Structure formats: C-alpha cells, structure tokens
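> Following is a predicted model, sequence given first.
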Protein chains: 2
Amino acid sequence: MRGYVGLVARVNLSSNSVEICELDEEFAYRYLGGRGFCARILYDEIKQGVDPLSPENVLVFATGPLTGTSFPSSGRYHVGAKSPLTGGIGESNAGGFFGPYMKLAGFDALIVEGASQKPVYLLLESGRVKILPASALWGKTTYETQALLRQKHGSNARVACIGPAGENGVLISCIICDAGRAAGRTGLGAVMGSKKLKAVVARGSRSVELADPEKARREALRLFKKLRENRVTSKVFPERGTASAIGVVNRAGVLPTKNFQESLFEPWLDKSDRELMQKILVGKKACWSCPMACGRRTRVASKEFSGEGDGPEYEAIWALGPMCGVSSIEAIAKANYLANELGLDAISLGNTIACAMELNKRGLLPKEKLVGVRLEFGNPYALIECVWRTAYRVGIGEDISLGAKRLAERYGAPDVAMHAKGLELPAYDPRGLQGMALAYATSNRGGCHLRALVVMHELFGVKEVHDRFSTVGKARLVKEMQDAFAVIDSLVVCKFLFYAISIDDIVPYLCAATGWELGVDQLRTIGERIYNLERLFINREGFGEADDALPKRLVESPISSGESAGHVARLEEMLGEYYALRGWERGAPTRQKLDELGIG
Amino acid sequence: MRGYVGLVARVNLSSNSVEICELDEEFAYRYLGGRGFCARILYDEIKQGVDPLSPENVLVFATGPLTGTSFPSSGRYHVGAKSPLTGGIGESNAGGFFGPYMKLAGFDALIVEGASQKPVYLLLESGRVKILPASALWGKTTYETQALLRQKHGSNARVACIGPAGENGVLISCIICDAGRAAGRTGLGAVMGSKKLKAVVARGSRSVELADPEKARREALRLFKKLRENRVTSKVFPERGTASAIGVVNRAGVLPTKNFQESLFEPWLDKSDRELMQKILVGKKACWSCPMACGRRTRVASKEFSGEGDGPEYEAIWALGPMCGVSSIEAIAKANYLANELGLDAISLGNTIACAMELNKRGLLPKEKLVGVRLEFGNPYALIECVWRTAYRVGIGEDISLGAKRLAERYGAPDVAMHAKGLELPAYDPRGLQGMALAYATSNRGGCHLRALVVMHELFGVKEVHDRFSTVGKARLVKEMQDAFAVIDSLVVCKFLFYAISIDDIVPYLCAATGWELGVDQLRTIGERIYNLERLFINREGFGEADDALPKRLVESPISSGESAGHVARLEEMLGEYYALRGWERGAPTRQKLDELGIG
C-alpha cells in the first residue's frame, strides 16, 4: 500500500500556534478525505454539548484523494464543524478551485481550533501555514475579500472566506470561494466568524503526484468519454445549466411554493428555463477539470435589480423565487448576488424568509419587526431588503438570521418552519417524491437534497426509474445513495458526474491515483462508515428517532393541486425498513453495526 | 448674580470613571450652555492634531439655560467633538425631548473622554451617571436601540444613540434621539462609535428651577402669543411643515439639483408641497414645548419603498431627492427612514451619493465598486442601496462613507465634491443667494445653512428683505446672524422661532430663568465670543483664509437656467468686508479681537 499522502495542518487560533504533520495513510484509507475526514475528526475532537460558536468548536477544511487531479469535476473541498444552526453535525462542500489549490499548497486537511482575539486569515502555501492579520478585511463582503487577498497574494491564490453574515454570527451564513461558490449549508460561516477567521487563502504551486499517472490518464479519458456520451452531462448541464430542473419539477407539482403551502408555481408553468434565464444570462463557468460547466454568470441591467455575478443556480432560483412567491428572475438574481456577497446560504435564506412571510400572513409577527419591509409573498423588494437585514441582523433580519426553526418557535408557530433537524428544506416537495421524504428525514445534517439525491431516479429518469409516489424499495435506495454520496463527498468530486457514471467507475482511477488496492464494496463500506460516524455525532448531541422526521404539513396536509395532488409524505412506511437495513435501533447505530464497520 | 446651576459630569471611558461637579456659574454666564459650552470645552481640552476617532477626542453633550423650561421650542441639546469628517470643529444639535430629559436628570453638560474596550451606554438619572454594558445593543439600529433602552428604563427615559453607521466609523454618521431626530452634521456618530459609546439615556425626574417663575410664565405667554401672530410659525410650519420651503426655493432656481449641476428640479416645478407630501403624510410631531409641530410622521405603503417613520424634512427631501435627481417622494422617504435607522446624516449622505453619481457619469469610478448598484442620477433603487451600503461600508458604500470631499479626491476629481471645509453643502444654491454663499464659506463647522440662515431674509421674506443677488450688506448680515445663532444654539432653542421673535425677545425670559442681569448687547457679545472660539479651534487645526471658500463650480460656473440663471457666488466681494467686521486677519481672529472678547 503506497498512496497519496499530503499534509495536515492544525492551527490553534487561541494560542496562535501551527502544527503540521503528514497525513496518516491508514486514516486516509479508512475515511478517504473530505467529508470522511470531517466526520472522524469532528467526532473525535468535539466534546458533547460544546457551544458551536465557542472556541471549543473545531473547524475542518479537507480535500480528498481525487481533488485537483485530472479526474473529472474534482474541484471541490469539504468543510465541517459542529453546526450552530442545527446543533448537530455541520458539513458542506463547494466547487470551484479552492480545493485543488489547497491540495497544490500541499494540504489534505486543515484543522482550526480555538478562536482569535482579532480578525485573522490563514495563508496555505508550499506546505506551510501562516496566521495573518485581517482587521482590514473585517466587514468586507466576500467579493471584496477575495479581490483584496488575490491582489495581495497573486491570482493563483484562491480564497474561501466569510462575509458580514458569518462575522455577525448569522446562523444561516456560509463560506464563499471562487467568486460565488458556496459551502452553503449548516451555518459554517458563523463558525469561522466566531473564530475571527475571515478567510483561508490557498496558494498552489506543487502538483498532485499520482501513484500511476499513465493509468490515471487512461481512466480520465474513459470517464470524460462517458460524460460526453450522456445526455445530462453533455447536453443538459452544459447547455441549460442547473436551471434545467425547474420546468420538470414544477410540472410534476413538486416545486415548493410559498413556504410549501403550494407545490407548483403558476407564473412559471408555461415558461421554459431558457426563457426564464435568457434575460440575465451572460456566460458559463466551470470548476476545476469539469466538462459540464453547469455554473452560470449573469447580469441584471434593470435599474431596480441591478447586479452581476454567479448564479442563481437551481436551488437559489427556487428558494428566493417560488418559495417566496417571487417570479421576477431579475429580483431573484439580485437577492442571490447579495446572498453571495454578504455570505448567506441561499437555500436557508429563502426558506426562512418564506417562513417569515407566512408568519406575517398569519399575523404572528410584531409590528415593530416589520419596519421598512412589507413582508408579503411575491414582494421582490421585501425579499431583497430581507437579505441585507439578515446579514446585519437588524429588524426582521435578526429573526431571519436564526433560521426557520428558531424563527417559527420564537413566534409560537413551530409547524410553519419547513426544516428537518433544524436545517431548512430544499427545492423538492417530498410529498410527491417519497424517496426524497426519507432522504430529508434521515439526512444526518438535516433537511438536505445532497445526502441522497433520490429525485435523480424518481423524477429525472436516471438509470433505474422508481415510481415517485411509491414507498416500495425506497429505504434501500436511500440507504445506498447516502453511503455512495458519503464516498463522493469524501473523494471530493461532484455529484453531477453520477448522471453518467456510477461509483464502480471511480475505483480504477482512485487506485491509480493512490496506489491503493480497493474494490467497490470497500468503497461502499467506507461510505457507510462515514454515515454511521456522523450519526454517532448527532446521537451524542441528542438527536434520535423523533428527529428523523418532516414538518407536520408534509406528512398531514396533502398537496392541493397539480400532478402530485392528494399526496403526503409517508415516512412511517419506510423508516422501519430503513433502520433495519442500516442496522440501527431508534435512530442510532447498534453496537454490532459499529463493530462491523470498525468504528471504535 | 444667582442663576441656574446644574451638574457637569465627566466620564472617562478608558478608566471607567465618573466625576460629577456643579456647573461653574461664571462659566455659564460667559458661554450660556449648549454650543457655547462645547466650543470652550473642546478648545481647552482637545490637543491640536488629535485623531478624531482616537480616545483623545472629547465628546460633549450640553443643554442650555432654557432647555426643558416653558420657553417655546426649548427641546434641543447640543453635542460637540473634533469632527472626523472635517478635521475641524464638530458640533450639531437636535430637537425632541432628549435635551429636556438630560436637564431633568440634573445635567447641564456631559463630557466623555477616552474610549471603552467594550460597548457601553451611559445612564443619566437623578444627578448620577452610570456606565452600563451595551454589547447586546451593538449592531442594533437606532430604532431598536431606543426601543430596548426605553423598555428597560421606562418611557420617561429618552435616548440619544448611534446606529451601525456610527459603530462602523462612517464619517457622515449622526446621533439620533426621539425616534428620528438627528444631531446630523460633522460625523459625531463615528466619534461615539470610536469610544464604543452606543447611547446616552437620560431619565428625568427633577424639574427645572427658575429664578423668577412668575416672570418666566408671563414672558412665555408673551412669546407664545408672538408665535401665534406670525404667519410662518402659526400657519406655515404647523400646516405644511418644513417641506413648505421646497416650492419657493425651486421656483427661485436655487434648489441644487444633480450635485449642483442644475439649480431647479423640473419634475417638481408644478407641484405644491402639499401634493408632494400627501401621499405619505400620516401625522405631525412636536418637540418639547413647541407650538409649531413642524415634524412630520409619514408612511409609505407601496411594496417598493415600504416604510414608516419621522420625516423626511426639507433638507432630507432635497438631499435624497433633487440632489440625486430622484423625484419619487416614497423613495426619498424610504431612503430617509433607512438613514435614520442606520444613523446617517441625510444631508451629507444625499450630497455624497450625488457626488458619486456624477463621478460615475464621468466614468471615474472603477467597475468593481459598482457591483449591485446602477449609480445614475434619478435611480431610486441605487439611492436606497447606497444607504445601507454606506452604513456598513461595503462596495461603493465604503467610498460614500468618507463624505464627498474624500470621495472626489480619491477618484481624482476634487472639484466634483460640493462641500465647504469638508462638510457637504445643504439645500440652497449659493449662486442665487449671495448671503448664503458667504454663510457657507465662513461657517466654522463647514458647509452649513444653520450657522446663518440668511435665506430667511434673502428669499423667505422675513423682516428686512435683502436682494438675494446683491452682495451689499451681506457681510454684516452674515456676521450678525452667525453671532445670534451661536446664542440660540447655546440657550439651546429652535431657530424657527426667529421667524416670529428676535434675539431681544429672549432677554427677559433668560433673566427670569437664570436670575442673571444681561442685555441684548451682552448676548450678542457672548455669541461673538463663541464664534471666535470655534474659529480659534479650526485655525489651530490648520484652517485658514483659503478654507473660507466654496467649490469652483459655484464661483465659476453660472447657474444655467431658471430665475437665478447667469449668477455665480461672488465671495470675493464680501469676504474682505466680513473679515474687517469680524476683526479677523486672513481668516483668523486678531489678538485685539480676542482681548476684546475676553478669550484667554
């Protein structure tokens, strides 16, 4: 066994110290990288009950064995910490170039402990880490921060940073890199903010050494060919981007509208995604080594919603659009530009604004909270004002900054919050996608589509097709996808590849890159190990069977119209089977399962 | 001599100490209160060259001998420090109730030295001062801060506080009290912010003792009668508010438009102030003991510009309206609500945004500064976005936060800044009001209409009328008004009274209140003393004859159209005479003048 081994940096911001060691290969072999590293390190190093915004929280940035290689779409990095939003595991990843440059700077992982007194940023370069002052950057937007740091460190420096939202402890804040790429979910921007860590700069110079470069080259060619031969990866994403999903989801009646009060968005029913986007589209954007280039650059020229930047992508279009009843793509784009600039998770933001809109409709918000905002579904001006107010936590923004669950609880209507485990739900109504219902409910980090994107099979017609209204076989499908996606997030590569390739396709390249010998079964076991370890983390923080749940509205109130009318999420038909397949009891891994996975 | 004597508190926020002593009556007799106290204390206690945002700056809040009495419109307080905006003397006053409550709490003056490590606020009550923690208030808007502190200290507590703008060191930030009353000019919000002083709370319980209450009562009745008999104070202000000035000024062709590029605002030429305001007006608001009630409460119900609050008053309407080419009163009101909420001086803000708009029109602003803002004259959305961006100093807001002079200098076009001595000019084009030209140029605090409101005589037809295009007699008029207004600001009462009464009318009440014996000549001498002392302050900081000036545009480029077409500001015809009348040489008081005024 001779694999890839880079460096692990451990930075303590309280004591201003840096330790660097080589990555333990055995550790890498068991957890791969990215999300796997995060799961193990967070579980081992964060004590139960720690305040996520205290110096005791531990923040991990990690690349994986495929990051920065010629493997397609290998431009991602993963970040983890205890989530200030959910109180459970916080983890998220982002594309672009930051991950590869972190790897080119020599690092597989960066572990940040403690908290600085004054704002700082970290510079990763040539196997070394410097803690540098960032007082002059504090308060700056993510755009400004990236520009200033790249001006200082050169254009081959890549920056992952927070905006004012993270600095201000906004629980739905994110980490932004490469212009507008977000490690969005679970509020990790606030963890950086609490540590007074404004940014991490990775300046790459090394190249990634592969165990068998020639085999890797051949494998890469084979994989790129597969991507070229697949309609989604060669046509849909390159030509239409992620917005391509809107029409399908809307027509299927599973596009959550006005805080899941409706499930289709009338104003867009007769509109193609091309029509929707053409007003604002200016260009495409690809991550490292990615032939899909699903990212979009846009510009809004109107006086009202003037702006320019990355996205909005599918989830942001939905969250800031239909979810809030807003139909103007210019307004949605503007809200998204601001979310990126100020460092807010667009999904949680849109979902929470929608929650506030419903609370207001029900007369539950006090008048003084609504100064300056006519908070009504469909009002684009209220949407935009809510974005900056949230980042700065003023007026109604202070409420929204807490996320939907706390917001709805604060005003005595917890059922109005559309979340799972405290994380705001994304853009698929699970009442018309039973597999997604189980995926949301059992996701360790909370309401998320990216821990098992079952909708690929239930709606997008990828490979084996599953009846979306049926619960049969969904427990197995969700379990298998969750484990496979844990692998994907640990490698760390893009999930969109899996419209064209399968997890089996990864094995040869991974072996060529690392020199390891492993098969697909071992990979799946690693995925399961990671998933169980994350589950142990949240169990320790008090999450149990009762938290593998969805909001009342989704399990009790049927969708009222459209192709999914009459359906509710039938979790109870799947959960028992799911737990049995997982070897879990009451939402927690059994001793036997842990032994089987070799988790000490 | 037996006069009013209250307490003076000296608070050092670096050492966390409070000293309280009785006001020295001799001092009061020489400087009255308010602005006079500020002038003397700032001159004596601030060393030359001190950084205005350092702990070495001294911040003074002062009431006057008429504050909180039955004297009409005696609801004001004065505040002073070295100005971070101009580098000269910073001083401003505001109406409402904070001043009277400070007096009812026992205080004539509060002197704040040093700077706290953590956010604090001061509680003035029953002759005592407490330094209390304000970390939970930091980041809050002025509305939120007032509400929280009044919730805690009761509704007879009044609050003067800063918003995010002051906290963030915005050089055009202000101090807000009584909902939306601003001590707006010269950036004193940033001085509070630099001292980590979020608010001063005055909780009143004592009553103001007068030397001869019966005589004061009679005098008050006489003065209120005069106010009832005057058209402006009994009709115009009560019925139409300060907005009443717009039509007159606009039709006279002296309403600065689009950064003084034009001097009348076409869209409003055929519109009465009633028509303009009726869309948003909901009520009137009076300060302590004021029969005029010129303040306006407004509400905007439209989705676009939704909001509610105090104002906008004349100057804000102009600055955020015609000065930026914006004609929608709803948009102007919205921008004004945000300015109050975030703690920005509406005059300097509107003026500086207009400056940025002109710089942009000339292609002088870099593209990356314009992210999210189509900064064009007449774009209300850009205006509104600039407000919050300025308070938080992000994007173009960072530039605007510096004020017009620094902004225009930064982009290589200093002549585009419409300021005097670094303070942004207000709402009268001095090219068509020669007295105002001299008033702006010689104002100690910089470009300001409130140090000699010559327009009362030049345009509003009050008492002796002066030809506004003539420079004859203007030097004397300006000098006399400057001295008289220094008295008014020191008593501290409202200048609007002087549409109906003269400075002579004050004397009997002042004597009844204080037990002093003084005549109008003595009062005028006190005013002159204060004016000269302020001049000494700015001379010491390097301001000289060259700074008694106006922007090139106003002295070289004639107004292009309307009733004032063809005119420029003819400063050089007045300055010599003005200096002679003042007993100044090259913009500085002579030894002889200082001896005459008894300034040591």
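Arrived safely.
> for chain B, what are the nearby residues on chain A?
By the rule C-beta under 8 Å from any C-beta of the partner chain, the part of chain A lying against chain B is A:139-141, A:143-144, A:147, A:164, A:168, A:301, A:303-309, A:334, A:337-338, A:341-342, A:368, A:371-374, A:376, A:379, A:381-382, A:388, A:392-395. Using the backbone N, CA and C atoms, a C-beta is placed for each residue, glycine as well.
> Show the contacting residues for the nearest residue to residue A:161 once chain neighbours are set aside.
Spatial nearest neighbour of residue A:161, excluding adjacent residues (C-beta to C-beta, 6 or more residues apart in numbering or on different chains): residue A:199 at 3.5 Å. For residue A:199, the contacting residues are A:121-122, A:134, A:137, A:145, A:149, A:159-162, by C-beta atoms under 8 Å, 6 or more residues apart in numbering or on different chains.
> Quick check: which element contains residue A:199?
Assigned by DSSP states H and E, residue A:199 falls within strand A:197-203.
> How far away from the center of its chain is that strand?
Here strand A:197-203 is found 19 Å from its chain centre; the criterion is C-alpha atoms, centre = their mean, to the nearest Å.
> So for whatever helix or strand comes next after that strand, what gets flagged as buried?
Remark: after strand A:197-203, the chain's next helix or strand is helix A:213-229, criterion DSSP H and E. Residues of helix A:213-229 classed as buried: A:216, A:219-220, A:223-224, A:226-227 (neighbour count, 16 or more other C-beta atoms under 10 Å in any protein chain shown).
> any idea which of the residues you listed is closest to chain B?
residue A:227 (33.7 Å; C-beta to the nearest C-beta).
> Name the nearest residue to that closest one, sequence neighbours excluded.
Residue A:227 sits nearest to residue A:233 (C-beta to C-beta, 6+ apart), 4.4 Å away.
> residues in contact with the one you found?
A:227, A:291-292, A:496-497, A:499-500.
> Am I right that it sits in a strand?
No: the assignment for residue A:233 is helix, going by DSSP: H, G, I helix; E, B strand; the rest coil, so no strand is present there.
> ok, of the residues of chain A next to chain B, which come out buried?
A:139-141, A:143-144, A:164, A:168, A:304-309, A:334, A:337-338, A:341-342, A:371-374, A:376, A:379, A:381-382, A:388, A:392-395.
> Out of those, which sit inside helices?
A:143-144, A:164, A:334, A:337-338, A:341-342, A:381-382, A:388, A:392 (DSSP state H).
> what residue ranges in chain A score low on pLDDT?
Residues of chain A meeting the criterion pLDDT under 70: A:1-4, A:463-464, A:600.
> Which residue ranges make up the domains of it?
Domain segmentation of chain A under automatic domain parsing yields A:7-203, A:241-423, A:428-499+A:519-597.
> Just the endpoints, please. Distance across the first one?
Taking C-alpha to C-alpha, to the nearest Å, the span from the opening residue of domain A:7-203 to its closing residue is 15 Å.
> In contact with residue A:195, which residues?
A:13, A:55, A:57, A:59, A:112, A:114-116.
> for residue A:287, same thing?
Counted by C-beta under 8 Å, 6+ apart, residue A:287 has contacts A:73, A:75-76, A:95-97, A:178, A:181, A:295, A:494.
> how about the helices in the stretch 451-600 of chain A?
A:455-458, A:474-491, A:503-514, A:520-540, A:552-556, A:572-582, A:591-597 (DSSP state H, counting those that start in this stretch).
> Most tightly packed of those?
helix A:474-491 (a mean of 24; mean count of other C-beta atoms under 10 Å in any protein chain shown).
> So what's the gap between that one and the chain middle?
With C-alpha atoms, centre = their mean, you get 15 Å for helix A:474-491.
> got it, and stretch A:165-181?
Mean C-alpha position of stretch A:165-181 versus that of the full chain (C-alpha atoms, centre = their mean) differs by 12 Å.
> same deal with stretch A:569-584?
24 Å.
> ok, back up a step: just send the contacts of residue A:195 back as a markdown table, with neighbour count and secondary structure too.
Formatted as a markdown table, those follow (neighbours: other C-beta atoms under 10 Å in any protein chain shown; DSSP: H, G, I helix; E, B strand; the rest coil):
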| residue | neighbour count | secondary structure |
| --- | --- | --- |
| A:13 | 22 | coil |
| A:55 | 17 | coil |
| A:57 | 26 | coil |
| A:59 | 27 | strand |
| A:112 | 24 | strand |
| A:114 | 19 | coil |
| A:115 | 20 | coil |
| A:116 | 21 | coil |
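> Among those residues, list the two that are farthest apart in space.
A:57 and A:116 (13.4 Å; C-beta to C-beta).
> just to revisit the earlier point, can I get the domains of chain A in CSV with distance to residue B:103?
Shown next, in CSV, are the domains of chain A (distance: least, C-beta to C-beta, whole Å):
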stretch, distance to residue B:103
domain A:7-203, 37
domain A:241-423, 29
domain A:428-499+A:519-597, 55
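> So which of those domains is nearest residue B:28?
Here domain A:241-423 is closest among the domains of chain A (C-beta to C-beta), at 40.4 Å.
> Quick check: end-to-end length of the closest one?
End-to-end for domain A:241-423, by C-alpha to C-alpha: 26 Å.
> Neighbouring strands - and their directions - for the strand holding residue A:199?
strand A:120-125 (parallel), strand A:157-161 (antiparallel) (DSSP bridges).
> in the stretch 1-150 of chain A, which spans are helices?
Assigned by DSSP H, counting those that start in this stretch, the helices in the stretch 1-150 of chain A fall at A:25-31, A:34-45, A:98-104, A:142-153.
> As a markdown table, the ones you listed with distance to residue A:517 would be great.
Listed next are the helices of the stretch 1-150 of chain A as a markdown table, based on distance: least, C-beta to C-beta, whole Å:
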| stretch | distance to residue A:517 |
| --- | --- |
| helix A:25-31 | 10 |
| helix A:34-45 | 18 |
| helix A:98-104 | 23 |
| helix A:142-153 | 39 |
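> Just say which of the ones you listed is most tucked in.
helix A:98-104 (a mean of 30).
> helices or strands up against it?
strand A:77-82, strand A:157-161, strand A:197-203 (3 or more C-beta pairs under 8 Å, 6 or more residues apart in numbering or on different chains; DSSP states H and E).
> Next, the angle from the last one to strand A:77-82.
It refers to strand A:197-203. 150 degrees (axes from the mean of the first three to the mean of the last three C-alpha atoms, to 10 degrees).
> Now do strand A:197-203 against helix A:142-153: the angle between them, please.
Calculated by the same axes, to 10 degrees, strand A:197-203 forms an angle of 50 degrees with helix A:142-153.
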